[in-house]
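Peer 1: Dropping the sequence and predicted coords here.
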Amino acid sequence: MNKISFAVLGLALVSLVAGVALRARDPFDTDNLIAHPGASAEWQGAAARALERVTRGTRYTGKWQINKSPAKGKLTLVLIDSDQLDATKLAPGLDRNCTYTGRNELIICDVALVRKFIAERDLDKTTQSTYDAMGRVLSTKVVPLARHYVVADYQMMLEWILGHELGHILNGDGRAHFSSSRFEDNVKNTSLDQRRELAADAFLARQFDGDSDSDFYFFLVDILNREVDRKACPGRSPVLGCPNTQVGMLIFSPSDYLRYSTSATHPEFVIRMDRLLILADRRHSLGVIGPLARELGDKLLAEGAPRPGPKSQRL
């Protein structure tokens, strides 16, 4: 091999090592995500309002930023939209995910996760009915909700997700995930990860009070309501209600139960939301929400578990 060949090979090796070192320093390609986030100004506004609420009274009050290079002592949120990006070029674990990276007080969040969750539960929709001359309903159809209401739901969902990630940071946890699949997965009761996840969720019970923040808790109740309807009436839009449940918030007929899986690695979000409401009620007295949350807890059964007698075991 001649000198030129050795030189070319040497340059190639230097480039390879430099590339590996660069990836090791920033496996998420943060600078590129900041330069080309894909997330619209509307999303960044919703995230800013969410961060303002979840950081109140913490060391990050007024010390957070969106889509800027991480800075010591500041909470940094890099907001991306994989629906507007080439997801194949994103670092593993970023697509449809919201994650505390475990370093630099940095959270990377894909708004496509929020959009998907909201759309799957028809939280971005409402009903439109036509009536006859006597005021009787002739037909009802599902239609899009006014945009400002949808954006308000996006903000609430970001408060839940970002508050969870901030809980991990404040609790001194390492890297954590909040992806759509993990969010809806389940966990074994003996799992240390579950205790860590529930502790991160519990931060929100301390952070949001029962008065000025009641909108957040009613948002969670709305999600749980829709899950009740989705599980009781599969294939039917939850905005239409479900004839298999009684009318009202989280109200079941005596024979109805929601079942959850005990396998996999994360607690099912229904359980986590319900526990958050119960914790918040103990701390802030949420009025009607507390009894509703405990009622749902009474109606949660593990898959395959026998139906309890009149006195059900509370989860």
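Peer 2: Cool, got the structure. Numbering: from 1, shown residues only.

Peer 1: Just after the worst-scoring helix or strand of the chain on mean pLDDT, pick out the following helix or strand.
Peer 2: When the helices and strands of the chain are compared on mean pLDDT, DSSP states H and E, helix 3-25 comes out lowest with a mean of 47. Sequence-wise, the next helix or strand downstream of helix 3-25 (DSSP states H and E) is helix 30-35.

Peer 1: quick one: that next one to chain centroid distance?
Peer 2: How far helix 30-35 lies from its chain's middle: 23 Å, per Cα atoms, centre = their mean, to the nearest Å.

Peer 1: Buried residues, that helix. List them.
Peer 2: Thr30, Leu33, Ile34 (16 or more other Cβ atoms under 10 Å). Just so you know, the C-beta spots here come from the backbone N, C-alpha and C atoms, and that holds for glycine as well.

Peer 1: thinking the last one is in contact with Pro70, fair?
Peer 2: No. With contact defined as Cβ atoms under 8 Å, Ile34 and Pro70 do not form a contacting pair (9.7 Å).

Peer 1: contacting residues for the residue most central in space within the chain?
Peer 2: The geometric centre of the chain, computed from its C-alpha atoms, lies nearest to Ile161 (Cα atoms, centre = their mean), at 4.1 Å. Taking Cβ atoms under 8 Å, 6 or more residues apart in numbering, we find Ile161 in contact with Cys98, Cys109, Leu113, Val114, Phe178.

Peer 1: Same question for the host helix or strand of it: list its buried residues.
Peer 2: Using DSSP H and E, Ile161 sits within helix 147-170. Across helix 147-170, burial judged by 16+ other Cβ under 10 Å covers 150-170.

Peer 1: What are the boundaries of the helices in the chain?
Peer 2: Under the criterion DSSP state H, helices of the chain are mapped to 3-25, 30-35, 41-54, 111-120, 147-170, 180-183, 192-207, 214-232, 269-284, 289-298.

Peer 1: What angle do helix 214-232 and the fifth one make with each other?
Peer 2: It refers to helix 147-170. Comparing the axes of helix 147-170 and helix 214-232 via axes from the mean of the first three to the mean of the last three Cα atoms, to 10 degrees yields an angle of 100 degrees.

Peer 1: still on that earlier bit, need the buried residues of helix 30-35 in a markdown table (columns: distance to Leu220 and pLDDT).
Peer 2: Formatted as a markdown table, those follow (distance: Cβ to Cβ, whole Å; pLDDT from 0 to 100):
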| residue | distance to Leu220 | pLDDT |
| --- | --- | --- |
| Thr30 | 31 | 92 |
| Leu33 | 29 | 93 |
| Ile34 | 31 | 94 |
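
Peer 1: So which of those is the closest to Ala87?
Peer 2: Leu33 (12.4 Å; Cβ to Cβ).

Peer 1: For the contacts of Ile161, which two are the farthest from each other?
Peer 2: Val114 and Phe178 (10.4 Å).

Peer 1: give the contact list for Ile80.
Peer 2: Listed by Cβ under 8 Å, 6+ apart, the contact partners of Ile80 are Leu33, Pro37, Gly38, Ala39, Leu90, Leu94, Ile108, Cys109, Asp110, Val111.

Peer 1: So which of the residues you listed is the closest to Phe208?
Peer 2: Cys109 (19.2 Å).

Peer 1: Read off the pLDDT value for Ile223.
Peer 2: You'll see Ile223 listed with a pLDDT of 90.

Peer 1: my guess is it meets Asp122, correct?
Peer 2: No. Applying Cβ under 8 Å as the test, Ile223 and Asp122 come out as separate, 11.0 Å apart.

Peer 1: circling back: just send the buried residues of helix 30-35 back as CSV, with distance to Arg103 too.
Peer 2: Shown next, in CSV, are those (distance: Cβ to Cβ, whole Å):
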residue, distance to Arg103
Thr30, 10
Leu33, 15
Ile34, 16
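
Peer 1: mind checking how far stretch 77-87 is from the chain centre?
Peer 2: For stretch 77-87, the distance to the chain centre is 16 Å (Cα atoms, centre = their mean).

Peer 1: mean confidence for that stretch?
Peer 2: Rounded mean pLDDT across stretch 77-87 is 93.

Peer 1: Repeat that for stretch 116-135.
Peer 2: Computed over stretch 116-135, the average pLDDT equals 93.
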